[in-house]
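In: the sequence and its predicted three-dimensional model are supplied below.
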Amino acid sequence: MRKRMLVLVSGVVLASGVVITSLAMAAPACGKKACSEEIAVCVAAQCGGLGGHDLSTCKSQCSAAVIAACEADPTVCNPASPSGTFVE
């Protein structure tokens with residue numbers, strides 16, 4: 001009985017560790033990867049005709065602005081699908 005309880009507790013601890021690790025490794029909801037499409041739209045609209053340092057600065061500003069908007073409203077970069085499920 002005692003051995004069975006130890007095995008059960010060990011299994012629960014191991015499973016929760018796997019879940020926590022996978023959640024910690026997930027991409028941030030408002031990072032550059034999640035917001036790449038929105039950042040690209042900003043760059044296309046705001047940075048056209050720029051070059052060199054000005055282009056680099058503009059891209060950084062677009063990235064910062066889009067990520068800030070996403071942090072205020074996560075649907076900016078992660079729109080919910082109409083049915084509530086992901087459809088490919």
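Out: Perfect, I can see it now.
In: now the helices for this structure?
Out: Secondary structure of the chain by DSSP state H: the helices cover 2-24, 36-46, 52-72.
In: show me what contacts Cys70?
Out: Taking C-beta atoms under 8 Å, 6 or more residues apart in numbering as the criterion, Cys70 is in contact with 29-30, 34-35, 38, 76-78. To be clear about C-beta, it is placed using only N, CA and C from the backbone, and glycine gets the same treatment.
In: in these, find the pair that's most separated.
Out: Between all members of those, the longest pairwise span (C-beta to C-beta) is found for Ala29 and Glu38 and amounts to 12.7 Å.
In: how about the CA coordinates for stretch 42-57, as PDB?
Out: What follows is stretch 42-57 as a C-alpha-only set of coordinates in PDB (Å, rounded to 0.1, in the frame of the first residue of the first chain):
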ATOM      1  CA  CYS A  42       3.500  48.600 -39.700                       C
ATOM      2  CA  VAL A  43       6.900  48.400 -41.400                       C
ATOM      3  CA  ALA A  44       5.300  48.400 -44.800                       C
ATOM      4  CA  ALA A  45       3.100  51.400 -43.900                       C
ATOM      5  CA  GLN A  46       5.600  53.500 -41.900                       C
ATOM      6  CA  CYS A  47       9.100  52.700 -43.100                       C
ATOM      7  CA  GLY A  48       8.800  52.800 -46.900                       C
ATOM      8  CA  GLY A  49      11.500  54.800 -48.600                       C
ATOM      9  CA  LEU A  50      13.800  54.700 -45.500                       C
ATOM     10  CA  GLY A  51      17.200  53.100 -45.500                       C
ATOM     11  CA  GLY A  52      20.100  52.400 -43.200                       C
ATOM     12  CA  HIS A  53      19.900  53.600 -39.600                       C
ATOM     13  CA  ASP A  54      16.500  55.300 -40.200                       C
ATOM     14  CA  LEU A  55      15.000  52.000 -41.500                       C
ATOM     15  CA  SER A  56      16.400  50.100 -38.500                       C
ATOM     16  CA  THR A  57      15.000  52.700 -36.100                       C
END
